[in-house]
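Visitor: coords please:
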Amino acid sequence: MAQPEVQVAAGAVDLPGPQAGRPAPLGPGLIDLALSETALRRQEREIRAALARELHDRVAQPLTGLLLDLEQLKRTPADRRRLRQRIDIAQDQVRQAICGLRQVLCELREQEWLDDGFTSRLRGELESVVLRQPDLDLRLRVSPRWPASIRARAAHHLLHVVRESVHNARLHGRAGRVEVSLTLRAGRALLAVSDDGQGLEGRPGRAGMGLLGAHERATLLGGRLTVTARPGGGTQVRLAIPKEVLG
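Guide: Below you'll find the predicted structure:
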């Protein structure tokens, strides 16, 4: 007996029985598109992380410091000289926040320039810390070999590592003396922040956002950041980067 023929209407698709319900394999074009979307998502996460780090260090920290100083100013007895000092500090913090925003915008536009005032700016910021905490012995040592001008990108990374390290030394280490040093040695630029505080025992068990940001900055500069206990007590934060990164 002749088998009946299967009639397929015009425009219909005859799906193979054994493969029914299985997804069709991706062609080369679809695979490339999926990989591209994955790469875009990864790139977007990296950009978000970078922006979060920069805005935290360059904008949020100065403004937080300003808020604390203004709160303390309200409780300070009226003294014209002291008031002027506090206003100077507040103005510096506003300038830092504005400068930080401008730097973020310039970097988003992929602009680069040399910073010829890094050491002066660093010294001024440390002096502001001493004004707020007069019982802290805070010192800066700069090697004569340290370049007068460095890349702005390297400058702001170094500045924020110092800021975070000094903050942690005082807050977590309860340090009374902190020394910041900038040196060049064997083709490396070295930044060290040493204190006489409680050592690593006084530090939190997990790194906070600021310290994680410092490690990220070290990586972006092609270097490495280490936090170690000092033999005589206290802690040292050490950042070593290639000298060429400075410019």
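
Visitor: So Val161 is in contact with Ile241, correct?
Guide: No - Val161 is beyond contact range of Ile241, at 10.1 Å (criterion: Cβ atoms under 8 Å). To be clear about C-beta, it is placed using only N, CA and C from the backbone, and glycine gets the same treatment.

Visitor: Tell me where this protein has helices.
Guide: 28-55, 61-75, 80-108, 118-132, 152-171, 209-220 (DSSP state H).

Visitor: Which stretch among those helices approaches Arg230 most closely?
Guide: helix 152-171 (11.3 Å; Cβ to Cβ).

Visitor: so what does that closest one touch, helix or strand wise?
Guide: Where contact means 3 or more Cβ pairs under 8 Å, 6 or more residues apart in numbering; DSSP states H and E, helix 152-171 is packed against helix 80-108, strand 114-115, helix 118-132, strand 177-185, strand 188-195, helix 209-220, strand 235-242.

Visitor: Run the angle between the fifth one and strand 235-242 for me.
Guide: Which is strand 188-195. Taking axes from the mean of the first three to the mean of the last three Cα atoms, to 10 degrees, strand 188-195 and strand 235-242 form an angle of 170 degrees between their directions.

Visitor: same thing with the third one?
Guide: With the same axes, to 10 degrees as the basis, helix 118-132 and strand 235-242 are set at 170 degrees to each other.

Visitor: cool, the first one as well?
Guide: Taking the same axes, to 10 degrees, one finds helix 80-108 and strand 235-242 inclined to each other by 40 degrees.

Visitor: Quick one: distance of stretch 82-102 to the chain centre.
Guide: 20 Å (Cα atoms, centre = their mean, to the nearest Å).

Visitor: So which bits of it are buried?
Guide: With burial defined by 16 or more other Cβ atoms under 10 Å, the residues of stretch 82-102 counted as buried are Arg86, Ile89, Ala90, Asp92, Gln93, Gln96, Ala97, Gly100.

Visitor: is Val237 in a bridge, and if so with what?
Guide: In this entry, Val237 is beta-bridged to Val193, Val227, by DSSP bridges.

Visitor: I'd assumed Ala192 was in contact with it.
Guide: Yes - the criterion here is Cβ under 8 Å, and Val237 meets it with Ala192 at 7.1 Å.

Visitor: of these two, who's got more company?
Guide: Val237 (23 against 18; other Cβ atoms under 10 Å).

Visitor: which non-adjacent residue is nearest the spatially most central residue of the chain?
Guide: Computing the C-alpha centroid of the chain and ranking residues by Cα atoms, centre = their mean puts Gly213 first, at 3.7 Å. Distance criterion Cβ to Cβ, 6 or more residues apart in numbering; nearest residue to Gly213, sequence neighbours excluded, is Arg53 at 4.7 Å.

Visitor: that older thread, could I get the helices and strands packed on helix 152-171 as JSON lines with distance to Leu140 and mean pLDDT?
Guide: Shown next, in JSON lines, are the helices and strands packed on helix 152-171 (distance: least, Cβ to Cβ, whole Å; pLDDT from 0 to 100):
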{"stretch": "helix 80-108", "distance to Leu140": "16", "mean pLDDT": "73"}
{"stretch": "strand 114-115", "distance to Leu140": "17", "mean pLDDT": "70"}
{"stretch": "helix 118-132", "distance to Leu140": "6", "mean pLDDT": "87"}
{"stretch": "strand 177-185", "distance to Leu140": "5", "mean pLDDT": "96"}
{"stretch": "strand 188-195", "distance to Leu140": "10", "mean pLDDT": "96"}
{"stretch": "helix 209-220", "distance to Leu140": "18", "mean pLDDT": "85"}
{"stretch": "strand 235-242", "distance to Leu140": "15", "mean pLDDT": "95"}
